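>>> structure, please.
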Amino acid sequence: MLIIWLIALLYVGLGHLFAIHIAETGALTLSFIIITTLLLFFILYVHYKEFLVILYVSFIVRIGLVLVDLDPKGPEIPHSGDDTENFYKTAGIISEKMTLMGEEVYGGPYSKFLGLIFHMYGDDRLFVQFFNVLMALTAILLVIRIFRMLDVPKDIQWVMVAVMAFFPHSIIFSGILLRESVITLMVVLSLYFFVRWYVRGGVMNAVMSVASLIIGASFHTAVIGVLVGYLFGFIFYRRQNAAFRFTLQSLVPFMVFAGAITYIMVYPESISALPIYDKIDQVQNNNDSIYNAVTDDAGGSAYLTGLTVNSIYQMVLFAPIKVFYFIGSPMPWSVRSVNDLIGFFLDGLFYLAALGAFVRYSGTIRKHPILGVILISIIVTWIIFGLGISNAGTALRHRFKIFYIIIVALGLLWAKKKRTPGTAGD
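Below you'll find the predicted structure:
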């Protein structure tokens, strides 16, 4: 995919170069899509032949969804509405007034990212939404590379690739103008470099892992929770022993890390960009109890509206319930429409099944350090999002941000169980 991204960069340059000669970039964008579509076929045929059909069909479906989303007379795509339109409008304003790149704007870094492309290439929404399609496909190919590094059997790879290729919200988020594609790409890229470090070592792999995650966190800070698992691996994993080693040498950096976490708890304004802090800050400004922020019932799809939190102890006590609802909402017993029911069966059920697998095979996870690291990353991120969100629609979007990490965890867990049958409970 690197060559395709280089071509994309070339087209951005061409758009800027020919800006004074062409009023519309439609023809340029069409040529980019055609060239990319043809080139992708050969890339998949050479490097991912066993997945060629499923990935190429998924790619075409995603392009089709982009065209449907851009058609004013087409059906309404779920999650495409106020946010997508505001991202687009804000990016257009930024492209015409680049001084706004240093100001606070709607959509933050994502709107600025789009605005920069529009400034260079031209205001072409098809071009940037096609970028989302390429990002989603790149994320899937990175997962395949991760599976290959970890020796996951081909039959398991095929099943997990099929899930990624046609998971409803993977298709939807890659076809509309939301930031999910760029965030998930950066998160899975960070995991790719972490696995390279885990398998081969190398300081640069560790640096790239953290740097990729920080880039993703710049679009939504809460995904920085993934870093907790990585740091645990960097500190305690010993490649020569293929296991975690809790020595004095490893405990020192861990104590530094624990000190940093303690500092954040004492001075929570240091995490002011996290969703839960934003809500607490807003409540403080309204002179209400800060714990009400944890159970904010805003929105038509709010859940746990009757849950009241009045202390830090209650917040800790109810955290598992909040996380459970974040993972699975909209729950079947709180269905308000057919869309809620569809959302549960096509999305929430997957994450609940993943949680069930992690609990059921916790013994297997403890025996394999890479699974332990990935699970820590998943759990910490679920906790951060779970505490800060009380709305099914918002939960559905945010839990997708680590979808590909969960896919890697499930594929690897399946592979480990396949090699050591008969140890379900461990």
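
>>> which residues are in contact with His169?
346-347, 396, 400, 403 (Cβ atoms under 8 Å, 6 or more residues apart in numbering). No exception for glycine: its C-beta is placed from N, CA and C like everyone else's.

>>> just give me the closest of those residues to Tyr198.
Phe403 (20.7 Å; Cβ to Cβ).

>>> in PyMOL, select just the buried ones from the contacts of His169.
A single PyMOL command is used to select the members of the contacts of His169 judged buried by 16 or more other Cβ atoms under 10 Å:
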select buried, resi 347+396+400+403
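
>>> among the contacts of His169, which lie within strands?
In strands, judged by DSSP state E, none of the contacts of His169 are found.

>>> got the contacts of His169 as a markdown table, with pLDDT columns?
Below are the contacts of His169 laid out as a markdown table (pLDDT from 0 to 100):
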| residue | pLDDT |
| --- | --- |
| Leu346 | 91 |
| Asp347 | 93 |
| Leu396 | 91 |
| Phe400 | 95 |
| Phe403 | 97 |
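
>>> what's the closest of the contacts of His169 to Ile4?
For these, the nearest to Ile4 is Phe403 (22.0 Å; Cβ to Cβ).

>>> that closest one is in contact with Ile171, isn't it?
No: with contacts counted by Cβ atoms under 8 Å, Phe403 stays clear of Ile171, the gap being 11.9 Å.

>>> thinking again about what came up before, out of the contacts of His169, which are inside helices?
Judged by DSSP state H, those include 396, 403 as members of helices.

>>> what's around Val252, how many residues?
11 (other Cβ atoms under 10 Å).

>>> which SS state does it fall under?
helix (DSSP: H, G, I helix; E, B strand; the rest coil).

>>> distance of it from Leu231?
13 Å (Cβ to Cβ, to the nearest Å).

>>> and if you look at Tyr404?
20 Å.

>>> more crowded one of the two?
Neighbours per residue, other Cβ under 10 Å: of Tyr404 and Leu231, the larger number sits with Tyr404, 26 against 18.

>>> which element is the closest residue to that one other than its chain neighbours on?
Once flanking residues are discounted, Tyr404 sits nearest to Val188: 4.1 Å by Cβ to Cβ, 6 or more residues apart in numbering. Val188 is located in helix 180-200, with elements delineated by DSSP states H and E.

>>> what do you get for Val152?
Going by DSSP H and E, Val152 is not in any helix or strand.

>>> and the pLDDT for it?
We have a pLDDT of 96 for Val152.

>>> can you pull the contacts of it?
411-412, 414-415.

>>> got any ranges where this structure has weak pLDDT?
The chain contains residues with pLDDT under 70 at 19-23, 258-300, 306, 308-311, 420-426.

>>> change it to 50
For the chain, residues meeting the criterion pLDDT under 50 lie at 275-291, 293.

>>> and it, what are its domains?
2-178, 225-419 (automatic domain parsing).

>>> and those as TSV, adding distance to Phe194?
Formatted as TSV, the domains of the chain follow (distance: least, Cβ to Cβ, whole Å):
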stretch	distance to Phe194
domain 2-178	9
domain 225-419	5
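
>>> turn the contacts of Val152 into JSON lines, columns for distance to Glu180 and neighbour count.
Putting those into JSON lines (distance: Cβ to Cβ, whole Å; neighbours: other Cβ atoms under 10 Å) gives the following:
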{"residue": "Gly411", "distance to Glu180": "21", "neighbour count": "24"}
{"residue": "Leu412", "distance to Glu180": "23", "neighbour count": "24"}
{"residue": "Trp414", "distance to Glu180": "25", "neighbour count": "18"}
{"residue": "Ala415", "distance to Glu180": "27", "neighbour count": "20"}
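
>>> restricted to helices, list those residues.
Using DSSP H, the contacts of Val152 in helices are 411-412, 414-415.

>>> in the helix or strand harbouring Ile172, what's buried?
Secondary structure assigned from DSSP H and E places Ile172 in helix 168-175. For helix 168-175, burial by neighbour count (16+ other Cβ under 10 Å) applies to 169-175.

>>> can you check what angle separates that helix from helix 180-200?
Put simply, helix 168-175 runs at 110 degrees to helix 180-200, going by axes from the mean of the first three to the mean of the last three Cα atoms, to 10 degrees.

>>> ok, so what distance separates the residue minimising distance to the centre of the chain from Thr36?
Geometric centre of the chain, nearest residue: Lys401, 2.2 Å, by Cα atoms, centre = their mean. The spacing between Lys401 and Thr36, counted by Cβ to Cβ, is 25 Å.

>>> what are the ranges of the helices in the stretch 251-400 of the chain?
275-285, 312-328, 338-343, 349-360, 362-367, 369-388, 392-399 (DSSP state H, counting those that start in this stretch).

>>> can I get those in CSV with distance to Val152?
Below are the helices of the stretch 251-400 of the chain laid out as CSV (distance: least, Cβ to Cβ, whole Å):
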stretch, distance to Val152
helix 275-285, 33
helix 312-328, 24
helix 338-343, 29
helix 349-360, 15
helix 362-367, 14
helix 369-388, 11
helix 392-399, 23
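
>>> select, out of these, the one closest to Ile43.
Per Cβ to Cβ, nearest to Ile43 of the helices of the stretch 251-400 of the chain: helix 369-388, 27.4 Å.

>>> which neighbouring elements make contact with the closest one?
Packing partners of helix 369-388 (3 or more Cβ pairs under 8 Å, 6 or more residues apart in numbering; DSSP states H and E): helix 180-200, helix 226-236, strand 243-244, helix 275-285, helix 312-328, helix 362-367, helix 392-399, helix 403-419.

>>> ok, 7 Å please
Contacts defined by 3 or more Cβ pairs under 7 Å, 6 or more residues apart in numbering; DSSP states H and E place helix 369-388 against helix 226-236, helix 275-285, helix 312-328, helix 362-367, helix 403-419.

>>> count of neighbours near the closest residue to Leu39 other than its chain neighbours?
The shortest distance from Leu39 to any non-neighbouring residue, by Cβ to Cβ, 6+ apart, is to Ile4 (6.1 Å). Close neighbours of Ile4, defined as other Cβ under 10 Å, add up to 17.

>>> perfect, I'm done here.
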